[in-house]
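In: Provide a 3D model corresponding to the input given below.
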Amino acid sequence: MPAERIAHVGVVAADGNKMVSFFVEHLGGILESRTEYPERMQISSMVRIGECQLEIMEGTSPEGVVGKFLEKRGPGLHHISIQVKDLVGLTAELEGKGIALIDKDLTDPVVHVAFISPKATGGVLVEMYEYL
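Out: Numbers count the residues shown, from 1 in each chain. Below is the predicted model:
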């Protein structure tokens, strides 16, 4: 089951506004959305550049996933997001091959999401999603 496209690249920023401004002012990106996720303790800004987007993630607390990532690794690449067809079938196929998945949610009625462990990909967290 092939991937359809790379949808976005997620990056962690120490200062999300500064990073958004750079991509918009200097590289012609278009800020499409800025969303605060209190339960995740993060703010995500989606900047479109051509056919792809950057998800610029800024932590609102050192206790959230983004805050912990920033503390441990510093700013930079967090994940690559790939749009797929039949995520339920794909996750079953990957798990059947012994590929570890983390943070999987196949119950949401709007979008299914699963992450492939960086241990399986050579060090990069890969998000897979399918809009239903």
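In: what is residue 102 paired to in the beta sheet?
Out: As for beta bridges, residue 102 partners with residue 115 under DSSP bridges.
In: how about the helices of this structure, start to end?
Out: Along the chain, the segments classed as helices by DSSP state H run 16-27, 65-73, 87-96, 118-121.
In: is it possible to export those to CSV including mean pLDDT and distance to residue 80?
Out: C-betas here are computed from N, CA, C, even on glycine. Shown next, in CSV, are the helices of the chain (pLDDT from 0 to 100; distance: least, CB to CB, whole Å):
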stretch, mean pLDDT, distance to residue 80
helix 16-27, 98, 17
helix 65-73, 97, 15
helix 87-96, 95, 15
helix 118-121, 96, 9
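In: which one of those helices lies closest to residue 108?
Out: helix 87-96 (10.7 Å; CB to CB).
In: may I have the closest one as CSV, with CA atoms only?
Out: Output of helix 87-96 as CSV, limited to C-alpha atoms (Å, rounded to 0.1, in the frame of the first residue of the first chain):
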residue,chain,number,x,y,z
LEU,A,87,-4.2,3.1,7.3
VAL,A,88,-5.9,0.3,9.2
GLY,A,89,-4.6,-2.2,6.6
LEU,A,90,-1.2,-0.6,6.4
THR,A,91,-0.7,-0.6,10.1
ALA,A,92,-1.7,-4.3,10.3
GLU,A,93,0.8,-5.0,7.4
LEU,A,94,3.6,-3.1,9.1
GLU,A,95,3.0,-4.7,12.5
GLY,A,96,2.8,-8.1,10.8
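In: returning to what we had before: okay, the helices of the chain in TSV with distance to residue 36 and mean neighbour count next?
Out: Formatted as TSV, the helices of the chain follow (distance: least, CB to CB, whole Å; neighbours: other CB atoms under 10 Å):
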stretch	distance to residue 36	mean neighbour count
helix 16-27	11	15
helix 65-73	12	15
helix 87-96	26	15
helix 118-121	26	14
